[in-house]
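>>> what follows is a predicted structure for the sequence shown.
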Amino acid sequence: MIKFKHAKPLLFCILLAMALAPVQLSAQIVSEPIINATLQGKIVDSISGLPLEGVTVQLEAVTHTVKTDEKGNFHFVTGQKLPLTLMLSYVGYQAQKLVVQSSPVLIRLQPSSDNLEEVVVVGYTTVGKKNLIGSVEKVALKELSSIPAGSFDAQLQGKVAGVQVSSNTGVPGEALNIRLRGATSINANNNPLYVIDGVFVNAESLQTLNTGGKASSPIADLNPSDIEYIEVLKDAEATALYGSRGANGVILITTRRGKNGQSAKVDVNIYAGRAKAAKLWDLTSGPEHAELVNEYNRNVGKPEPFVPAAQGGRGLPAEQLTYDRLAEAFRTAGLYNADLSLYGGSDKTAYYLAAAYNKQESILRPIAFDRASFRFNLDQTVNERLKVGTSNAISRTGRNQGRAGDGPQGGILQAALHTPTYLSPYNDAGELVGRAGFDNLTLLLDNYDVGSVSLRYIGNVYGEYQITPNLKFRSTFSVDYNQYDEHEYWNKFLIAGSPSGSATSAISQATTWTNEQTLTYRRRLGSRHSFGLLLGNTLQSSTFSLTSATGKGFASNDFKIIGSAANTTSFQDWDKYNLASFFGRVDYGFDDRYLIDFSLRADGSSKFSKGYQWGYFPAVGLAWRLSKEPFLQDIAFISDLKIRSSYGVTGNQSGISSFASRQLWSGVNAAYRGVAGMFPEQLADERLSWEQTAQFNIGLDAALFKNALAFGFNYYDKRTRDGLLTAVLPGTTGYDSYLNNAAEISNKGFELSLNSTNIQRDHFAWTSSFNIARNVNNIERLGKPMNFGSRDLILFKEGSPMYSFWVYKQLYVDPQTGDAVYEDVNGDGKITTDDRQILGSIWPDFFGGLANNFTYRNWDLSTFLSFSVGNEIYNHNRFFGEAGGARDAARVIFSSNLDRWQQPGDRTDIPRSDGINNNNYKDGGGRWLEDGSYLRLRSLSLGYNLPAAALDRLSLTKLRVYLQATNLFTWTKYSGLDPESAASSSANEQGIDLGTPPQPRSFQLGVNLTL
């Protein structure tokens, strides 16, 4: 007998195999599916009829699902018999359940007004909008694309409650001012933080050349067409995790990406258009100008210059010609844009590639803007736990720049606007010559050579690792690099180049690299409890370098290289600072009804001295969804109702020198007999520390009538303490000033947003959105008043708003004498600077926007209005243009002077001309301070989508042709060209309009197609 050592285990295996064999055989026999029905169908948009790709189709009581393809088609094989019950779901559309009786079937999905399930990005994580505690608003690309602006921040105007955007100028690609819930700082930066796909972006202009106070916008380096959506974080709960960067609000930009399982698509967007100034300044003719000059001379007892030439004069007023220089300076500008993108994805890879070119001419010659850009975004799922990806944007932005605004020599509008209309551009020899201290406009335009080129890279790489189903680690490394190359050349024909030419070249480089790590834990306990924990850190380093050279004295106009100049000078600058941060957040929700979160961020900055480098910024938020309470369950018209509140502290250190707290010495290369030397430049402040802003917010969100009407309301109270401020020192100290913490500023206000679906039917829809906001700004503490702007027109004073206007209040013009009468504030019987007073500010009482969107079958129509009520603007153009004949051949005269006082009994607000800076024409006169309120039809767009049948024949997914207009009408009492104009891009010199081209009225014809 043969014995087996492992007989029992072997026998067990044999018996188990024999037992399983029939089961396996049986399984093989019944594995063939029983097909009782094959369902085919197509799903389209109920209004436009265009196919929808990616709709999830599921049979009731079956787990298997399919998705529609790029044509909107789906195919289902099932063991069930017709009729079948289908359940359909698609983001942005109403979920639908319907019974299908036969195949094939055409299904129309209706767009949804329910955005409660929308996901919002907040502080390194995402949250459903229904559970949102902070004040956050989301804007999609389609809401911005109707404005052909050089940068996306200009497209935000009027779109988000509490976000005040002032375009300042009609020059494309120039910096504008954007404020979220007011301004919090005098010397530090008031701009919001921009984050693009997780990359912290430098929004400070690198321009060094003087263009009359204007500056280029680094935000214009980003192609707006690459944007998927923008989220604006406004309160402390939403911004606290950004710590020192979030004091002025945060703007998160998410660019377009491909989706997993998405078929490859190609989008093409092309438009071309024309732009023109809606109006220009109304000037006196040559004869009128001459008559006003004569009148002034009679008023002051001087001889009249415009008398017959035989008497040694310039000729009679009626003999003067009129020369229109504005027509030469302004043009009908061209607008051109082309975008091409390829995107899609497989089960594990998603990609997006895009290239674009945009060119915009300014209505003011020869200024122009052009941008070429490329973007590549990739997301790769390596395995079920690891995901990696990258976002990359490269752009080249070119600018033909011009000196506009309160400009130096070489100012285009100074030559065009301020040269008297009776002065010929030619001298007696027939040569083009400058007049009235300004360049000859023709020579200036023909020889203008001022420009810049910006090379920009913004990108990052990331890795995500799912440690457990509830625990995820993410690490990112990002870079923002900007090389800004600028130049100007003035030949000997121009005043700035007299007598033998002048050239300047400068190259600036700004680099910011950031490394971040986050660890996120999320878990749901049972059906009612949700818990989240976030821990992270950030390391950042920013460097800046500038090298510039200037050459004067060229052999001829043919030489422009600085090395060929007779005299050269150079300048170099360098700057660097580091920032280390640690942050955390914990949140808890009960039954999606009671929500709370707490966050803390610690920032350490190298800008401050030891012992003061670290700032700690906490925030807490609470929310109560009343609609989840039993006592509201039976109120059918309430879809959702939530009360939320938050309090937190954020910091600010932007906009100050990287070495602001240190004592600095500067070197000179020829201090004594050519020997290099040095001198003290800055006094140290070893106690300099963070500027901090505490903010309280309470809000109400509601959705009514099955989400057909939604509104959000916020009230906020912000107070900035330890404001960074430049203090002036006595000359005996050897220093001019130093930086300290010495200001307090408050901002209080409210915001209201309304979104409504007015009509939603097959083939027709009408939706509206409206927002309005009010911000009250006040300087709570400031040691000494501070003046800014031309003629000290802007005053910062304790107890008054920032950007207040400090002027003489003109009461009336005496009908008997024609003299201006001002308010004698101190009652001393004299009008002196002690009688200047604050008569308004740039802050509006209310501002906001209204949008309406209509869709009928294949047609779509959208309108957008923006408005501002109660703000003042100083019309400095009138100041120079209403001197009557006092300036004679030195300035233009506006036609408004024709309404001046001329004889006893005349009633007008324009006094007789009595000289420059005399009683009737005082620097800082209040009669040029005007109401800057306006209502502007910002955009009007009409589009047509090609029907689905025609698209199929052309093998296209989408084809839309559209016509749009911008700045079509502006209703305002302001007598200038544009109530948003500002002569300077400087943050503290807003609200003064001088020599600034207006925002143009434009028309564009374009086409969008998807292959």
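It's in.

>>> now the residue nearest to residue 411 when sequence neighbours are not counted: how far from residue 423?
Spatial nearest neighbour of residue 411, excluding adjacent residues (Cβ to Cβ, 6 or more residues apart in numbering): residue 403 at 4.4 Å. The way it works is simple: take the backbone N, C-alpha and C, and place the C-beta from them, glycine included. Between residue 403 and residue 423 the distance is 21 Å, computed by Cβ to Cβ, to the nearest Å.

>>> any idea which residue sits dead centre in the protein?
Centroid check for the chain by Cα atoms, centre = their mean gives residue 153 as the closest residue, at 1.7 Å.

>>> helix, strand or coil for it?
Assigned by DSSP: H, G, I helix; E, B strand; the rest coil, the conformation of residue 153 is helix.

>>> next one: residue 137
Residue 137 - assigned by three-state DSSP - is strand.

>>> who's more crowded, residue 403 and residue 423?
Comparing residue 403 with residue 423 by other Cβ atoms under 10 Å, the one with more neighbours is residue 403, at 27 against 20.

>>> roughly how far apart are the more buried one and residue 972?
27 Å.

>>> do the same with residue 579
With Cβ to Cβ as the criterion, residue 579 and residue 972 are 43 Å apart.

>>> these two - which one has more neighbours?
Neighbours were counted for residue 579 and for residue 972 using other Cβ under 10 Å; residue 579 has more, 22 against 19.

>>> that one against residue 537, yeah?
No: counting by Cβ atoms under 8 Å, residue 537 is not a contact partner of residue 579; they are 11.1 Å apart.

>>> name the residues that touch the helix or strand residue 940 falls within?
In this structure, residue 940 sits in strand 934-945 according to DSSP states H and E. Residues outside strand 934-945 that contact it (Cβ atoms under 8 Å, 6 or more residues apart in numbering): 48, 50, 146-147, 157-158, 849, 858-868, 958-972, 974, 979-980.

>>> quick one: neighbours of the closest residue to residue 872 other than its chain neighbours, just the number.
Spatial nearest neighbour of residue 872, chain neighbours left out: residue 840 (3.5 Å); criterion: Cβ to Cβ, 6+ apart. Residue 840 sits with 21 neighbouring residues when counted by other Cβ under 10 Å.

>>> repeat for residue 528
11.

>>> hmm, residue 892 is touching residue 416, no?
No: if you go by Cβ under 8 Å, residue 892 and residue 416 don't touch, sitting 9.2 Å apart.

>>> more neighbours: those two, which one.
Using other Cβ under 10 Å, the more surrounded residue of residue 892 and residue 416 is residue 416, with 27 against 24.

>>> my guess is that one contacts residue 325, does it?
Yes: between residue 416 and residue 325 there is a contact at 4.4 Å, judged by Cβ under 8 Å.

>>> got any residues that touch both of the two?
Common neighbours of residue 416 and residue 325 (Cβ under 8 Å, 6+ apart) are residue 441.

>>> all helices for this protein, in order.
Under the criterion DSSP state H, the chain contains helices at 7-30, 152-155, 236-239, 286-299, 326-329, 412-417, 441-447, 876-881, 948-954.

>>> buried residues in the fifth one?
Right, helix 326-329. Within helix 326-329, the residues that count as buried by 16 or more other Cβ atoms under 10 Å are 326, 329.

>>> please name the nearest non-neighbouring residue to residue 940.
Excluding the flanking residues, the one nearest residue 940 by Cβ to Cβ, 6+ apart is residue 965, at 4.8 Å.

>>> the nearest residue to residue 224 once chain neighbours are set aside: neighbour count?
Counting by Cβ to Cβ, 6+ apart, residue 224 lies nearest to residue 152, which is 4.2 Å off, once chain neighbours are set aside. Residue 152: 24 surrounding residues under other Cβ under 10 Å.

>>> please apply the same query to residue 689.
The burial count for residue 689: 22, using other Cβ under 10 Å.

>>> that one touches residue 722, doesn't it?
Yes: judged on Cβ under 8 Å, residue 689 makes contact with residue 722 at a distance of 6.4 Å.

>>> identify the contacts common to these two.
Counting by Cβ under 8 Å, 6+ apart, the residues touching both residue 689 and residue 722 are residue 741.

>>> contact partners for the nearest residue to residue 242 once chain neighbours are set aside?
Excluding its sequence neighbours, the residue lying closest to residue 242 (Cβ to Cβ, 6+ apart) is residue 250, at 5.4 Å. With contacts defined as Cβ under 8 Å, 6+ apart, residue 250 is in contact with 192-193, 195, 232-233, 238-239, 242.

>>> how about stretch 899-914: buried residues?
900-901, 910-914.

>>> repeat that for stretch 72-80.
72, 74, 76, 78, 80.

>>> show the pLDDT at the third one.
You'll see residue 76 listed with a pLDDT of 79.

>>> ok, it - contacts?
38-41, 57, 59, 66, 84.

>>> enumerate every residue touching the closest residue to residue 189 other than its chain neighbours.
Once flanking residues are discounted, residue 189 sits nearest to residue 655: 3.1 Å by Cβ to Cβ, 6+ apart. Neighbour list for residue 655: 185, 187-190, 204, 724 [criterion: Cβ under 8 Å, 6+ apart].

>>> do you know how far the nearest residue to residue 166 once chain neighbours are set aside is from residue 1002?
Using Cβ to Cβ, 6+ apart and skipping residues adjacent in sequence, the residue nearest residue 166 is residue 177, 4.5 Å away. For residue 177, the distance to residue 1002 equals 22 Å [Cβ to Cβ].

>>> all strands for the stretch 101-250 of the chain, in order.
Secondary structure of the stretch 101-250 of the chain (DSSP state E, counting those that start in this stretch): strands at 105-109, 119-122, 125-128, 136-140, 163-166, 177-180, 193-196, 199-201, 227-233, 250-255.

>>> low-confidence ranges, this protein, go.
Within the chain, the stretches with pLDDT under 70 are 1-36, 113-118, 145-150, 405-408, 669-674, 889-890.

>>> what sits against the nearest residue to residue 72 once chain neighbours are set aside?
Setting aside the residues directly before and after it, residue 72 is nearest to residue 51 in space (Cβ to Cβ, 6+ apart), at 2.8 Å. Going by Cβ under 8 Å, 6+ apart, residue 51 touches 42-45, 68, 70-73, 948, 957.

>>> between these, which is closest to residue 827?
The closest of those to residue 827 turns out to be residue 45 (Cβ to Cβ; 71.9 Å).

>>> report how many residues lie close to the closest residue to residue 825 other than its chain neighbours.
Sequence neighbours aside, residue 835 is the residue nearest to residue 825 in space, at 4.4 Å (criterion: Cβ to Cβ, 6+ apart). The burial count assigned to residue 835 is 17, neighbours taken as other Cβ under 10 Å.

>>> residue 828 too?
10.

>>> quick one: residues contacting it.
If you count contacts by Cβ under 8 Å, 6+ apart, then residue 828 has residue 834 around it.

>>> distance check, it against residue 877.
32 Å.

>>> cool, residue 917 as well?
With Cβ to Cβ as the criterion, residue 917 and residue 877 are 17 Å apart.

>>> more crowded one of those two?
For residue 917 versus residue 877, the count of surrounding residues by other Cβ under 10 Å is larger for residue 877: 25 against 13.

>>> which residues does residue 355 bridge with?
Beta-bridge pairing for residue 355 (DSSP bridges): residue 340, residue 374.

>>> any idea how far residue 372 is from it?
8 Å.

>>> what do you get for residue 778?
From residue 778 to residue 372 the distance is 45 Å (Cβ to Cβ).

>>> hang on, residue 425 packs against residue 435?
Yes: between residue 425 and residue 435 there is a contact at 7.2 Å, judged by Cβ under 8 Å.
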